[in-house]
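> Below is the sequence, then the predicted model.
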Amino acid sequence: MPHTNTPGEQQKLIIFDTTLRDGEQSPGVSLNNDEKVAIATQLSKLGVDVLEAGFPIASIGDFEAVNRIAKEVGPLMEGRERIGKPMVICGLARATTGDIQRCAEALEPAPYKRIHTFLATSDIHLQHKLKIDRAECVKRAVAAVTLAKSLCDEVEFSPEDAGRSDQDFLCEVLGKVIEAGAGTLNIPDTVGYNMPEEYGSLIKYLVANTPGAEKVIWSTHCHNDLGLATANTLAGIQGGARQVEVTINGIGERAGNTAMEEVVMSIHTHPNYFPVYHTINTTLISRTSQMVSALSGMIVQPNKAIVGRNAFLHESGIHQDGVLKNKSTYEIITPETVGVTDIALVLGKHSGRNAFRERCKELGHGSISDEALQKAFVDFKALCDKQKTVNDADILAILTN
Ligand code: KIV
Ligand code: ZN
């Protein structure tokens, strides 16, 4: 299987990684700047198109991280031959002059830079958080995008809490920021409230009804509060989005953001289902996931799709027997496609004789007689009833008993 899927009539999906910005907003996560540079370098090799490196106004450390990534990682081309250009380095800024100027300063050394500015548009946020009316919201959004455009080539605008905003008001604000120079419009479901069909329809509605919609790239940004971030993102692509904002392992605020590996592998396994292709080197997914987990201290749940420890393990005898005969019986992705190479069948009480015989062979007991194998298998099952899994040392002890 190729490591990237093939462009046919499909359009390129821009992968915008926010592991170092929204991902770092995970409770308890704080990365130092060397760790951020290491992750950014790995994300560049992985094939990320746009990297949100941080929120420069947030702290001096954040400013320096964005600045170092802009300088040290921004120009890198290693592993990016399929893409043909370095990553765009992006920084986040609220819709204020101070934030935007600081962001532009941090991004300065990057060959390709983008300012991502945001302002809430939902009535809940306007009334309770910002205490401004809709007219003031439009005014601030336009002023922010105009300023950002004067300091940077690429500007992205996000109407925060778009998932709970009035759709016609969104069309009004977004039409105005397109006129002011925004090239990417990102539609955040900030609180992870939307249902997939609802979010897909929202993107479709905005693309159809915003003045100037055809001039910009539409983007998804979903949170996982209801466990729907990936489903919503995929629905957004079907609705017309051509950029997705994602994090490695789905880390992020509260229940996290959309997991990059889930979106990429959904597209990868369904090359004709989506109107897009990706240019991520999928064989680096596992290594990248492990690096982010180790440096962030965010443990990946064992049954996490694509990158969890159990994602390619088969325990039941029926499944193990099928996989030994032909992997496609129970695997929709080969482990190698995402860079997992050390897969072994897990032996437990659901395992069958074939898997047990296979492990005996791997442990140097391939010439064991049928009778001895049968006895060892009975002992193995008895041990399985006493402990959750049986390791190689246990099997060797049974075989040499
Ligand atoms: O979830 C959100 O609304 C955000 C914005 C800053 C884009 O992260
Ligand atoms: Zn977010």
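Yep, it's here. Ligands and ions are numbered 1, 2, ... in the order given.
> what about the residue of the stretch 251-400 of the chain at minimum distance from ligand 1, is that helix, strand or coil?
Closest residue of the stretch 251-400 of the chain to ligand 1, Cβ to the nearest ligand atom: residue 253 (6.7 Å). (C-beta placed from N, C-alpha, C; glycine too.) Following DSSP: H, G, I helix; E, B strand; the rest coil, we place residue 253 in the coil state.
> cool, residue 178 as well?
helix.
> and the closest residue to it other than its chain neighbours, how far is that from residue 88?
Excluding its sequence neighbours, the residue lying closest to residue 178 (Cβ to Cβ, 6 or more residues apart in numbering) is residue 212, at 4.0 Å. Distance of residue 212 to residue 88, given as Cβ to Cβ, to the nearest Å: 22 Å.
> between the two, which one's more packed in?
residue 88 (23 against 14; other Cβ atoms under 10 Å).
> Any chance of the backbone angles for the more buried one?
Phi and psi for residue 88, reported as degrees, to the nearest 10, are phi -80, psi 130.
> Relative to residue 134, how far out is it?
Noted for residue 88: a distance of 31 Å to residue 134, by Cβ to Cβ.
> got a list of what residue 38 touches?
Counting by Cβ atoms under 8 Å, 6 or more residues apart in numbering, residue 38 makes contact with 291, 295.
> State the next helix or strand along the chain beyond the helix or strand containing it.
Following DSSP states H and E, one finds residue 38 within helix 33-46. Following helix 33-46 in sequence order, the next helix or strand is strand 50-54 (DSSP H and E).
> Packing partners of the helix or strand following that following strand?
Moving toward the C-terminus from strand 50-54, the next helix or strand (DSSP H and E) is helix 60-68. If contacts are counted by 3 or more Cβ pairs under 8 Å, 6 or more residues apart in numbering; DSSP states H and E, helix 60-68 sits against helix 33-46, strand 50-54, helix 97-107.
> Let's have these in TSV, adding mean pLDDT and distance to residue 348.
Formatted as TSV, the helices and strands packed on helix 60-68 follow (pLDDT from 0 to 100; distance: least, Cβ to Cβ, whole Å):
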stretch	mean pLDDT	distance to residue 348
helix 33-46	98	34
strand 50-54	98	41
helix 97-107	98	51
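> of these, which approaches ligand 1 most closely?
Nearest to ligand 1, of all these, is strand 50-54, at 9.0 Å by Cβ to the nearest ligand atom.
> and the angle for that closest one with helix 60-68?
Using axes from the mean of the first three to the mean of the last three Cα atoms, to 10 degrees, the direction of strand 50-54 lies 150 degrees away from that of helix 60-68.
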